[in-house]
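[1] Curious how this folds, go ahead:
(2 chains)
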Amino acid sequence: MDFKDIQSAWDKDDTKNVELPKNLDKIQSANTPLDKIKRNLKKELWFQVLSILVLGFIPVIYRYENTLTNVFYLMYSLFTGISIYYLTKLHIFLKRLNSVTLNTRDNLYDTYYDVRLNMELYKTFGFALTPFLILFLLGHFYKNVFGLTVLDLHQLSQLHITIMFIVVASTIILMGVILEWWVHAFYGKYAKEIRAIIDDLKE
Amino acid sequence: MAQKSEAAFLAKIENHKGILYKVSKIYMDNAEDQEDLFQEIVLQLWKSYDSFRGESQFSTWMYRVAVNTSILYLKKEKRKVTTSQITTPEVKDTTENTEEKELQLTHFYKAVHQLNKIDKAIIFYQLEGFSHKEIGLNLGISEGNARVKLKRAKDKLKELIRNQGYGF
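    Alright, predicted model coming up:
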(Lines give C-alpha, C1' and ligand atoms only; values in the text may rest on other atoms or scores of the structure.)
Protein backbone atom coordinates (compact mmCIF):
# COMPACT_ATOMS: atom_id res chain seq x y z
CA MET A 1 0.00 0.00 0.00
CA ASP A 2 1.10 3.56 -0.61
CA PHE A 3 -0.46 7.00 -0.19
CA LYS A 4 -2.07 6.76 -3.62
CA ASP A 5 -3.92 3.66 -2.43
CA ILE A 6 -5.06 5.49 0.71
CA GLN A 7 -6.20 8.43 -1.38
CA SER A 8 -8.08 6.14 -3.74
CA ALA A 9 -9.73 4.25 -0.86
CA TRP A 10 -10.56 7.57 0.83
CA ASP A 11 -12.16 8.97 -2.33
CA LYS A 12 -14.16 5.82 -2.85
CA ASP A 13 -15.33 5.63 0.76
CA ASP A 14 -19.05 5.86 0.22
CA THR A 15 -20.80 8.43 2.39
CA LYS A 16 -24.11 8.77 0.60
CA ASN A 17 -25.94 6.81 3.31
CA VAL A 18 -24.81 9.18 6.04
CA GLU A 19 -27.86 10.79 7.60
CA LEU A 20 -28.02 14.22 9.09
CA PRO A 21 -29.98 14.83 12.29
CA LYS A 22 -33.60 15.64 11.45
CA ASN A 23 -34.05 18.04 14.34
CA LEU A 24 -31.21 20.25 15.48
CA ASP A 25 -32.92 21.14 18.76
CA LYS A 26 -32.69 17.51 19.82
CA ILE A 27 -28.91 17.37 19.61
CA GLN A 28 -27.45 17.17 23.06
CA SER A 29 -24.42 19.32 23.24
CA ALA A 30 -21.74 20.00 24.04
CA ASN A 31 -18.33 18.69 24.63
CA THR A 32 -15.84 21.41 23.98
CA PRO A 33 -13.70 22.82 26.83
CA LEU A 34 -15.65 26.07 26.92
CA ASP A 35 -18.95 24.22 27.08
CA LYS A 36 -17.66 22.15 29.98
CA ILE A 37 -16.49 25.28 31.75
CA LYS A 38 -19.88 26.90 31.17
CA ARG A 39 -21.58 23.90 32.70
CA ASN A 40 -19.24 23.90 35.73
CA LEU A 41 -19.78 27.61 36.20
CA LYS A 42 -23.54 27.27 35.95
CA LYS A 43 -23.49 24.69 38.76
CA GLU A 44 -21.28 26.97 40.83
CA LEU A 45 -23.56 29.93 40.17
CA TRP A 46 -26.46 28.05 41.75
CA PHE A 47 -24.27 26.95 44.63
CA GLN A 48 -23.13 30.53 45.24
CA VAL A 49 -26.70 31.85 45.22
CA LEU A 50 -27.68 29.17 47.72
CA SER A 51 -24.64 29.94 49.91
CA ILE A 52 -25.44 33.67 49.90
CA LEU A 53 -28.99 32.90 51.04
CA VAL A 54 -27.80 30.55 53.81
CA LEU A 55 -25.16 33.05 55.00
CA GLY A 56 -27.90 35.63 55.41
CA PHE A 57 -29.28 33.58 58.31
CA ILE A 58 -26.04 33.53 60.33
CA PRO A 59 -27.15 36.26 62.82
CA VAL A 60 -30.29 34.24 63.49
CA ILE A 61 -28.43 30.93 63.83
CA TYR A 62 -25.76 32.38 66.15
CA ARG A 63 -28.24 34.73 67.91
CA TYR A 64 -26.25 37.88 67.28
CA GLU A 65 -27.09 40.96 69.31
CA ASN A 66 -28.35 44.11 67.52
CA THR A 67 -25.01 45.89 67.03
CA LEU A 68 -23.31 42.74 65.74
CA THR A 69 -26.27 42.00 63.48
CA ASN A 70 -25.98 45.48 61.94
CA VAL A 71 -22.24 45.05 61.39
CA PHE A 72 -22.87 41.60 59.92
CA TYR A 73 -25.45 42.83 57.42
CA LEU A 74 -23.22 45.71 56.40
CA MET A 75 -20.50 43.17 55.57
CA TYR A 76 -23.06 40.82 54.10
CA SER A 77 -24.33 43.42 51.64
CA LEU A 78 -20.75 44.09 50.53
CA PHE A 79 -20.15 40.35 50.20
CA THR A 80 -23.33 39.91 48.14
CA GLY A 81 -22.47 42.89 45.95
CA ILE A 82 -19.00 41.54 45.18
CA SER A 83 -20.41 38.07 44.48
CA ILE A 84 -23.04 39.41 42.09
CA TYR A 85 -20.44 41.54 40.32
CA TYR A 86 -18.02 38.66 39.74
CA LEU A 87 -20.62 36.03 38.92
CA THR A 88 -22.28 38.33 36.38
CA LYS A 89 -18.91 39.12 34.87
CA LEU A 90 -17.99 35.44 34.63
CA HIS A 91 -21.37 34.66 33.11
CA ILE A 92 -21.17 37.42 30.48
CA PHE A 93 -17.60 36.47 29.72
CA LEU A 94 -18.52 32.87 28.98
CA LYS A 95 -21.60 33.74 26.97
CA ARG A 96 -19.40 35.09 24.22
CA LEU A 97 -19.33 32.89 21.17
CA ASN A 98 -16.47 30.53 20.66
CA SER A 99 -14.71 31.67 17.49
CA VAL A 100 -14.91 28.31 15.83
CA THR A 101 -14.92 29.86 12.35
CA LEU A 102 -11.43 31.37 12.66
CA ASN A 103 -8.39 29.51 11.41
CA THR A 104 -7.29 26.75 13.77
CA ARG A 105 -4.40 28.65 15.32
CA ASP A 106 -6.49 31.75 16.12
CA ASN A 107 -9.35 29.59 17.31
CA LEU A 108 -7.04 27.72 19.70
CA TYR A 109 -5.43 30.91 21.01
CA ASP A 110 -8.85 32.53 21.47
CA THR A 111 -10.16 29.57 23.41
CA TYR A 112 -6.96 29.23 25.43
CA TYR A 113 -6.94 32.87 26.54
CA ASP A 114 -10.67 32.75 27.24
CA VAL A 115 -10.09 29.81 29.57
CA ARG A 116 -7.02 31.42 31.21
CA LEU A 117 -8.83 34.72 31.71
CA ASN A 118 -11.77 32.92 33.23
CA MET A 119 -9.39 31.11 35.61
CA GLU A 120 -7.76 34.34 36.75
CA LEU A 121 -11.13 36.05 37.17
CA TYR A 122 -12.29 33.13 39.26
CA LYS A 123 -9.22 33.33 41.50
CA THR A 124 -9.69 37.08 41.96
CA PHE A 125 -13.30 36.38 42.92
CA GLY A 126 -12.16 33.90 45.57
CA PHE A 127 -9.59 36.33 46.99
CA ALA A 128 -12.14 39.15 47.02
CA LEU A 129 -14.28 37.06 49.35
CA THR A 130 -11.39 36.08 51.66
CA PRO A 131 -11.55 39.25 53.87
CA PHE A 132 -15.18 38.44 54.69
CA LEU A 133 -14.25 34.94 55.72
CA ILE A 134 -11.43 36.32 57.87
CA LEU A 135 -13.73 38.88 59.52
CA PHE A 136 -16.25 36.17 60.24
CA LEU A 137 -13.59 33.89 61.77
CA LEU A 138 -12.11 36.72 63.86
CA GLY A 139 -15.58 37.60 65.14
CA HIS A 140 -16.19 33.95 65.93
CA PHE A 141 -12.91 33.62 67.86
CA TYR A 142 -13.46 36.95 69.67
CA LYS A 143 -16.92 36.07 70.86
CA ASN A 144 -17.11 32.28 71.08
CA VAL A 145 -13.52 31.17 71.72
CA PHE A 146 -12.10 34.04 73.77
CA GLY A 147 -15.47 34.68 75.43
CA LEU A 148 -15.22 38.48 75.00
CA THR A 149 -18.50 40.32 74.67
CA VAL A 150 -17.68 44.02 74.40
CA LEU A 151 -15.79 45.26 71.37
CA ASP A 152 -12.71 46.63 73.13
CA LEU A 153 -9.33 45.73 71.67
CA HIS A 154 -7.63 46.45 75.03
CA GLN A 155 -9.20 43.27 76.32
CA LEU A 156 -7.08 41.22 73.93
CA SER A 157 -4.09 39.49 75.49
CA GLN A 158 -0.85 38.66 73.69
CA LEU A 159 -2.12 35.09 73.26
CA HIS A 160 -5.37 36.33 71.70
CA ILE A 161 -3.45 38.48 69.22
CA THR A 162 -1.15 35.58 68.34
CA ILE A 163 -4.12 33.27 67.75
CA MET A 164 -5.82 35.91 65.58
CA PHE A 165 -2.64 36.37 63.56
CA ILE A 166 -2.47 32.58 63.00
CA VAL A 167 -6.14 32.56 61.96
CA VAL A 168 -5.58 35.37 59.44
CA ALA A 169 -2.37 33.89 58.02
CA SER A 170 -3.68 30.33 57.77
CA THR A 171 -6.97 31.48 56.18
CA ILE A 172 -5.10 33.41 53.48
CA ILE A 173 -2.76 30.46 52.81
CA LEU A 174 -5.63 27.95 52.84
CA MET A 175 -7.76 30.06 50.50
CA GLY A 176 -4.78 30.41 48.15
CA VAL A 177 -4.16 26.66 48.11
CA ILE A 178 -7.86 25.75 47.74
CA LEU A 179 -8.42 28.28 44.96
CA GLU A 180 -5.37 27.12 43.02
CA TRP A 181 -6.44 23.50 43.36
CA TRP A 182 -10.08 24.22 42.52
CA VAL A 183 -9.30 26.28 39.44
CA HIS A 184 -6.76 23.75 38.25
CA ALA A 185 -9.08 20.78 38.81
CA PHE A 186 -12.13 22.28 37.12
CA TYR A 187 -10.65 24.61 34.52
CA GLY A 188 -6.86 24.24 34.33
CA LYS A 189 -6.88 20.80 32.74
CA TYR A 190 -8.69 22.22 29.70
CA ALA A 191 -6.23 25.08 29.39
CA LYS A 192 -3.36 22.59 29.58
CA GLU A 193 -4.88 20.43 26.87
CA ILE A 194 -5.36 23.39 24.53
CA ARG A 195 -1.83 24.63 25.24
CA ALA A 196 -0.47 21.23 24.19
CA ILE A 197 -2.33 21.45 20.86
CA ILE A 198 -1.01 24.99 20.30
CA ASP A 199 2.50 23.69 20.89
CA ASP A 200 1.92 21.02 18.24
CA LEU A 201 1.15 23.79 15.74
CA LYS A 202 4.46 25.57 16.25
CA GLU A 203 7.25 25.22 13.71
CA MET B 1 -28.22 36.64 7.15
CA ALA B 2 -31.44 37.99 8.57
CA GLN B 3 -33.17 34.85 9.72
CA LYS B 4 -31.60 31.46 9.80
CA SER B 5 -33.78 28.64 8.70
CA GLU B 6 -33.06 25.17 9.99
CA ALA B 7 -34.40 23.52 6.85
CA ALA B 8 -32.30 25.70 4.55
CA PHE B 9 -29.23 25.02 6.67
CA LEU B 10 -29.76 21.25 6.63
CA ALA B 11 -30.31 21.34 2.87
CA LYS B 12 -27.06 23.20 2.46
CA ILE B 13 -24.96 20.78 4.49
CA GLU B 14 -26.64 17.77 2.86
CA ASN B 15 -24.25 18.08 -0.09
CA HIS B 16 -21.22 18.11 2.20
CA LYS B 17 -22.26 15.61 4.86
CA GLY B 18 -19.53 13.20 3.73
CA ILE B 19 -16.93 15.72 4.96
CA LEU B 20 -18.46 15.68 8.44
CA TYR B 21 -18.61 11.91 8.47
CA LYS B 22 -14.99 11.53 7.37
CA VAL B 23 -13.60 14.09 9.81
CA SER B 24 -15.49 12.39 12.67
CA LYS B 25 -14.03 9.06 11.60
CA ILE B 26 -10.50 10.45 11.56
CA TYR B 27 -10.77 11.96 15.04
CA MET B 28 -12.72 9.27 16.91
CA ASP B 29 -11.90 5.59 17.06
CA ASN B 30 -15.31 4.10 17.81
CA ALA B 31 -18.77 4.44 16.29
CA GLU B 32 -20.41 6.02 19.34
CA ASP B 33 -17.77 8.75 19.68
CA GLN B 34 -17.87 9.32 15.94
CA GLU B 35 -21.62 9.86 16.13
CA ASP B 36 -21.23 12.26 19.05
CA LEU B 37 -18.59 14.26 17.23
CA PHE B 38 -20.65 14.24 14.02
CA GLN B 39 -23.57 15.77 15.92
CA GLU B 40 -21.34 18.25 17.70
CA ILE B 41 -19.98 19.48 14.36
CA VAL B 42 -23.50 19.87 12.95
CA LEU B 43 -24.45 21.81 16.07
CA GLN B 44 -21.40 24.09 15.91
CA LEU B 45 -22.07 24.72 12.22
CA TRP B 46 -25.65 25.61 13.07
CA LYS B 47 -24.60 27.89 15.94
CA SER B 48 -22.10 29.75 13.78
CA TYR B 49 -24.18 29.71 10.60
CA ASP B 50 -24.99 33.38 11.15
CA SER B 51 -21.29 34.19 10.87
CA PHE B 52 -21.08 32.68 7.37
CA ARG B 53 -21.21 35.69 5.10
CA GLY B 54 -20.63 33.98 1.80
CA GLU B 55 -17.21 35.57 1.35
CA SER B 56 -15.69 32.12 1.14
CA GLN B 57 -17.21 28.96 -0.29
CA PHE B 58 -19.66 27.24 2.02
CA SER B 59 -17.57 24.06 1.91
CA THR B 60 -14.39 25.95 2.88
CA TRP B 61 -16.14 27.49 5.87
CA MET B 62 -17.55 24.08 6.75
CA TYR B 63 -14.12 22.40 6.68
CA ARG B 64 -12.79 25.00 9.07
CA VAL B 65 -15.61 24.67 11.58
CA ALA B 66 -15.52 20.86 11.34
CA VAL B 67 -11.77 20.64 11.96
CA ASN B 68 -11.75 23.26 14.73
CA THR B 69 -14.61 21.52 16.50
CA SER B 70 -12.90 18.15 16.18
CA ILE B 71 -9.62 19.50 17.56
CA LEU B 72 -11.30 21.01 20.61
CA TYR B 73 -13.74 18.17 21.10
CA LEU B 74 -13.43 16.19 24.31
CA LYS B 75 -14.51 12.60 24.54
CA LYS B 76 -17.53 12.13 26.75
CA GLU B 77 -16.63 10.64 30.10
CA LYS B 78 -20.00 9.06 30.61
CA ARG B 79 -22.13 8.08 27.70
CA LYS B 80 -25.52 9.71 27.59
CA VAL B 81 -28.50 8.17 25.88
CA THR B 82 -29.21 10.39 22.94
CA THR B 83 -32.52 10.97 21.34
CA SER B 84 -33.79 8.35 18.96
CA GLN B 85 -34.49 11.02 16.36
CA ILE B 86 -30.83 11.27 15.58
CA THR B 87 -29.69 8.73 13.06
CA THR B 88 -26.28 7.20 13.41
CA PRO B 89 -24.18 7.95 10.38
CA GLU B 90 -23.77 4.53 8.94
CA VAL B 91 -22.11 3.68 5.73
CA LYS B 92 -23.09 0.56 3.94
CA ASP B 93 -20.71 -1.13 1.59
CA THR B 94 -21.21 -0.78 -2.08
CA THR B 95 -19.78 -2.90 -4.82
CA GLU B 96 -17.21 -0.18 -5.51
CA ASN B 97 -15.66 -0.64 -2.11
CA THR B 98 -13.58 -3.68 -2.66
CA GLU B 99 -12.28 -5.79 0.21
CA GLU B 100 -8.78 -4.55 -0.45
CA LYS B 101 -9.85 -0.91 -0.22
CA GLU B 102 -11.72 -1.62 2.98
CA LEU B 103 -8.68 -3.30 4.47
CA GLN B 104 -6.50 -0.37 3.47
CA LEU B 105 -8.92 2.05 5.04
CA THR B 106 -9.09 -0.03 8.22
CA HIS B 107 -5.30 0.06 8.54
CA PHE B 108 -5.26 3.74 7.69
CA TYR B 109 -7.84 4.70 10.33
CA LYS B 110 -6.17 2.50 12.96
CA ALA B 111 -2.90 4.35 12.32
CA VAL B 112 -4.35 7.83 11.99
CA HIS B 113 -6.09 7.53 15.37
CA GLN B 114 -2.65 7.39 16.96
CA LEU B 115 -1.57 10.74 15.52
CA ASN B 116 -1.95 13.99 17.44
CA LYS B 117 -4.89 16.31 16.70
CA ILE B 118 -2.95 18.65 14.42
CA ASP B 119 -1.45 15.80 12.38
CA LYS B 120 -4.95 14.36 11.96
CA ALA B 121 -6.14 17.71 10.59
CA ILE B 122 -3.22 17.90 8.18
CA ILE B 123 -3.79 14.36 6.87
CA PHE B 124 -7.52 15.08 6.54
CA TYR B 125 -6.94 18.27 4.54
CA GLN B 126 -4.41 16.49 2.34
CA LEU B 127 -6.83 13.66 1.57
CA GLU B 128 -9.52 16.21 0.77
CA GLY B 129 -7.21 17.67 -1.85
CA PHE B 130 -6.02 20.84 -0.12
CA SER B 131 -2.70 22.34 -1.22
CA HIS B 132 0.07 23.18 1.29
CA LYS B 133 -0.96 26.81 1.06
CA GLU B 134 -4.61 26.02 1.79
CA ILE B 135 -3.67 23.73 4.68
CA GLY B 136 -1.52 26.53 6.10
CA LEU B 137 -4.33 29.08 5.72
CA ASN B 138 -6.86 26.86 7.45
CA LEU B 139 -4.54 25.97 10.30
CA GLY B 140 -3.10 29.47 10.64
CA ILE B 141 0.47 28.39 9.92
CA SER B 142 2.88 29.15 7.10
CA GLU B 143 2.91 27.17 3.89
CA GLY B 144 6.42 25.91 4.69
CA ASN B 145 5.35 24.76 8.14
CA ALA B 146 2.36 22.98 6.61
CA ARG B 147 4.65 21.20 4.16
CA VAL B 148 7.06 20.08 6.91
CA LYS B 149 4.22 18.96 9.16
CA LEU B 150 2.55 17.03 6.36
CA LYS B 151 5.81 15.22 5.55
CA ARG B 152 6.29 14.29 9.22
CA ALA B 153 2.67 13.20 9.63
CA LYS B 154 2.93 11.00 6.53
CA ASP B 155 6.14 9.43 7.81
CA LYS B 156 4.52 8.69 11.15
CA LEU B 157 1.49 7.24 9.42
CA LYS B 158 3.69 5.04 7.22
CA GLU B 159 5.55 3.72 10.24
CA LEU B 160 2.33 3.06 12.16
CA ILE B 161 0.83 1.12 9.24
CA ARG B 162 4.05 -0.90 8.87
CA ASN B 163 3.92 -1.67 12.59
CA GLN B 164 0.48 -3.16 12.02
CA GLY B 165 2.20 -5.68 9.75
CA TYR B 166 0.75 -4.21 6.57
CA GLY B 167 3.14 -3.62 3.70
CA PHE B 168 3.77 0.04 2.91
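
[2] quick one, strands of chain B?
    If you assign secondary structure with DSSP state E, chain B ends up with no strands.

[3] Provide a list of residues in contact with the nearest residue to B:Asp29 once chain neighbours are set aside.
    Excluding the flanking residues, the one nearest B:Asp29 by C-beta to C-beta, 6 or more residues apart in numbering or on different chains is B:His113, at 4.4 Å. For the C-beta atoms, the positions are set from N, CA and C on the backbone; glycine is no exception. Listed by C-beta atoms under 8 Å, 6 or more residues apart in numbering or on different chains, the contact set of B:His113 reads B:Ile26, B:Met28, B:Asp29.

[4] Pull up the gap between B:His113 and chain A, please.
    Applying C-beta to the nearest C-beta, to the nearest Å, the value for B:His113 to chain A is 14 Å.

[5] Name the residue closest to the centre of the chain, please.
    Since no chain was named, I'll use chain A. A:Tyr122 (4.2 Å; C-alpha atoms, centre = their mean).

[6] that answer is for a different chain, and I need it for chain B
    B:Val23 (1.2 Å).

[7] quick one: low-confidence parts of chain B?
    Within chain B, the segments meeting pLDDT under 70 span B:1-4, B:55, B:76-98, B:168.

[8] tally of neighbours for residue 24?
    Just so you know, I chose chain A. Residues lying near A:Leu24 (other C-beta atoms under 10 Å in any protein chain shown) number 17.

[9] wrong one, I was asking about chain B
    Using other C-beta under 10 Å, B:Ser24 is surrounded by 25 other residues.

[10] who's in contact with it?
    B:Gln34, B:Glu35, B:Leu37, B:Phe38, B:Ile41, B:Ser70, B:Pro89.

[11] please redo it, this time with the cut-off set to 10 Å
    Contact analysis of B:Ser24 by C-beta atoms under 10 Å, 6 or more residues apart in numbering or on different chains lists A:18, B:31, B:33-41, B:66, B:69-70, B:73, B:89.

[12] Closest approach to chain A from chain B, which residue is it?
    Of all residues in chain B, B:Gly140 sits closest to chain A, at 2.7 Å by C-beta to the nearest C-beta.

[13] Show me the domain layout of chain B.
    For chain B, automatic domain parsing gives the domain ranges B:1-91, B:94-168.

[14] How far off centre is the longest one?
    Distance of domain B:1-91 from its chain centroid, counting by C-alpha atoms, centre = their mean, to the nearest Å, is 9 Å.

[15] The shortest one now?
    Between the mean C-alpha point of domain B:94-168 and the mean C-alpha point of its chain there is a distance of 11 Å (C-alpha atoms, centre = their mean).

[16] just stretch A:46-64 next, same as before
    20 Å.

[17] Look at it and report the distance between its end residues.
    27 Å (C-alpha to C-alpha, to the nearest Å).

[18] Pull out the buried positions in the lengthiest helix in chain B.
    When chain B is parsed with DSSP state H, its longest helix is helix B:143-163. For helix B:143-163, the neighbour count (16 or more other C-beta atoms under 10 Å in any protein chain shown) marks B:Asn145, B:Ala146, B:Arg147, B:Lys149, B:Leu150, B:Ala153, B:Lys154, B:Lys156, B:Leu157, B:Leu160, B:Ile161 as buried.

[19] residues contacting the fifth one?
    Applying C-beta under 10 Å, 6+ apart to B:Leu150 gives the contacts B:Asp119, B:Ile122, B:Ile123, B:Tyr125, B:Gln126, B:Phe130, B:His132, B:Ile135, B:Gly136.

[20] need the helix or strand of chain A with the lowest average pLDDT.
    helix A:33-55 (a mean of 83; mean pLDDT, DSSP states H and E).

[21] wait, does it contact chain B?
    Yes. Helix A:33-55 reaches chain B (C-beta under 10 Å from any C-beta of the partner chain) through A:Pro33, A:Leu34, A:Asp35, A:Lys36.

[22] Turn those into JSON lines, columns for neighbour count and distance to A:Val177.
    Output for these, formatted as JSON lines (neighbours: other C-beta atoms under 10 Å in any protein chain shown; distance: C-beta to C-beta, whole Å):
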{"residue": "A:Pro33", "neighbour count": "21", "distance to A:Val177": "24"}
{"residue": "A:Leu34", "neighbour count": "21", "distance to A:Val177": "26"}
{"residue": "A:Asp35", "neighbour count": "17", "distance to A:Val177": "28"}
{"residue": "A:Lys36", "neighbour count": "18", "distance to A:Val177": "24"}
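
[23] Right, I'll leave it there.
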